[in-house]
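Engineer: Following is a predicted model, sequence given first.
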Protein chains: 2
Amino acid sequence: MLAAARDLLTHRGLQALTMRALAERLDVAPNTLYSHVANKTALIDDLLDEVLAEVQAPTPDIEDPTVGLHQLMASAYDVLLVHPDLVPVYLARQGARGPHAQRLGDITIALLRRAGVVEPAAAEALRVLIIYTIGSAAFASRPPLATGTEHRLNPDESAANFANGLRWLLAGIVQDPTQVRR
Amino acid sequence: MLAAARDLLTHRGLQALTMRALAERLDVAPNTLYSHVANKTALIDDLLDEVLAEVQAPTPDIEDPTVGLHQLMASAYDVLLVHPDLVPVYLARQGARGPHAQRLGDITIALLRRAGVVEPAAAEALRVLIIYTIGSAAFASRPPLATGTEHRLNPDESAANFANGLRWLLAGIVQDPTQVRR
DNA sequence: CAACAGAGCTGGACGATGTCCAATATGTGG
DNA sequence: CCACATATTGGACATCGTCCAGCTCTGTTG
């Protein structure tokens, strides 16, 4: 059922992921779904966490933790872009809450610590990184935005833009996690 | 009508902003609205841009452009938090497209240029800043997210978190707009 | 001041959607 | 072979965005 939902989402888009459509795809009456899932909301929550399982985490003992953070976020970005219709949902739900999301958070915190970012700042940095990554995926996955430029980015440009900002962000974080600069 | 919509949104939330509810508030039949607005989508687009008018821009000749950028984004963040229900909509729509959004974009580009960030990088930086600001507002305006910590941030903490990340980001941008570090 | 054009408004409807209740089919353990 | 739990279904309800055709009121014009 989750698989069918994902399939529907990938091929027909979020707006086509309706309980009736999902039921039809499973050759089942719409009501039947409610024997297996409490809500459409619950269904989507399950979907969100399942997708996060695809994110590739670097080995925890990678030599340069900053590189590890970059890899992790870049992988999350890639995975999010594979399911563009889910991205707005992540934002509306403020991320995911399931076990896979938990795992990624733990890994990130560990890498941050190894990069010299200790506790109070680490939680903040995690939030910032999540915000930036999901936000970037949101802006890359769909129509352009109202920047001054009318130039529309293609996927490669979006990815480069994301990587640039991530580099800026990580540089700022590890260089000066707590002190106010200037 | 826009005012009524905004009022409804502020007091009853996005999910209560329905064409029928809006019509009732205006003592009018639901269909009447369609004489003034093409879609609910168009209505919301108008709303989004109207809200951006509240963002306070620093004087363009502020002595330190980095401070100006910080002020601008912080003001945008504040304004977004005044209308928490609109924030997911901004994300779903990837920002706004109206004249006010345009104006803020232009100001930001100008400040970036004065901070030494020139064109190819400036457009990227603008995107990054928008992503980060709206994303932060999204995460601050509603339930917590799946960080490793179960600690829920209060508004002040969220604002501080946002300011920290913004500082990190601006530091990274102005310090090294193009070169890869390390 | 009267007639008319046009804008604003409305009644009613359509199709879609999420969800629920009560009844039925299905299959398994005794 | 039967009773009972589980899965499934038919049908319905409320709500939503939206549209069509017609009515009403207003302001302008001759």
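Structural biologist: In hand now; what should we look at?

Engineer: what helices or strands is the strand or helix carrying A:Ser136 leaning on?
Structural biologist: Element membership for A:Ser136, per DSSP states H and E: helix A:119-141. Secondary-structure packing of helix A:119-141 (3 or more Cβ pairs under 8 Å, 6 or more residues apart in numbering or on different chains; DSSP states H and E): helix A:65-82, helix A:87-93, helix A:99-114, helix A:155-175, helix B:119-141, helix B:155-175. (C-beta placed from N, C-alpha, C; glycine too.)

Engineer: how far off helix B:155-175 does the fifth one point, in degrees?
Structural biologist: Put plainly, it is helix B:119-141. Relative orientation of helix B:119-141 versus helix B:155-175 (axes from the mean of the first three to the mean of the last three Cα atoms, to 10 degrees): 170 degrees.

Engineer: List the buried residues of helix B:119-141.
Structural biologist: The neighbour-count check on helix B:119-141 (16 or more other Cβ atoms under 10 Å in any protein chain shown) flags B:121-141 as buried.

Engineer: My guess is A:Met88 contacts A:Phe139. True?
Structural biologist: No, residue A:88 isn't Met; it's Pro. No: A:Pro88 is beyond contact range of A:Phe139, at 10.8 Å (criterion: Cβ atoms under 8 Å).

Engineer: Find residues that contact each of these two.
Structural biologist: Contact with both A:Pro88 and A:Phe139 is made by no residue, according to Cβ atoms under 8 Å, 6 or more residues apart in numbering or on different chains.

Engineer: Kindly report the residues of chain A close to DNA strand C.
Structural biologist: Proximity of chain A to DNA strand C, by Cβ under 7 Å from any atom of the strand, involves residues A:16-21, A:30-31, A:34, A:39-41.

Engineer: and the residues you listed as CSV, adding pLDDT?
Structural biologist: Shown next, in CSV, are those (pLDDT from 0 to 100):
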residue, pLDDT
A:Ala16, 92
A:Leu17, 94
A:Thr18, 96
A:Met19, 96
A:Arg20, 96
A:Ala21, 96
A:Pro30, 94
A:Asn31, 93
A:Tyr34, 95
A:Asn39, 91
A:Lys40, 95
A:Thr41, 92
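
Engineer: give me every residue that touches A:Val82.
Structural biologist: Going by Cβ under 8 Å, 6+ apart, A:Val82 touches A:51, A:54.

Engineer: Show the pLDDT at it.
Structural biologist: pLDDT for A:Val82: 89.

Engineer: Kindly report the same for A:Asp49.
Structural biologist: With respect to pLDDT, A:Asp49 scores 92.

Engineer: Inside helices: which ones of the residues of chain A next to DNA strand C?
Structural biologist: Among the residues of chain A next to DNA strand C, the ones falling in helices (DSSP state H) are A:19-21, A:40-41.

Engineer: which of these has the most neighbours?
Structural biologist: Each of these was scored for neighbours by other Cβ atoms under 10 Å in any protein chain shown, and A:Met19 scores highest at 17 neighbours.

Engineer: B:Leu2 is nearest to which of the helices and strands packed on helix A:119-141?
Structural biologist: B:Leu2 lies closest, by Cβ to Cβ, to one member of the helices and strands packed on helix A:119-141: helix B:119-141, at 20.9 Å.

Engineer: just how off-centre is that closest one within its chain?
Structural biologist: How far helix B:119-141 lies from its chain's middle: 9 Å, per Cα atoms, centre = their mean, to the nearest Å.

Engineer: hmm, the worst-scoring helix or strand of chain A on mean pLDDT touching chain B?
Structural biologist: Lowest on mean pLDDT, DSSP states H and E among the helices and strands of chain A sits helix A:87-93, with a mean of 78. Yes: counting by Cβ under 8 Å from any Cβ of the partner chain, contacts between helix A:87-93 and chain B involve A:88, A:91-92.
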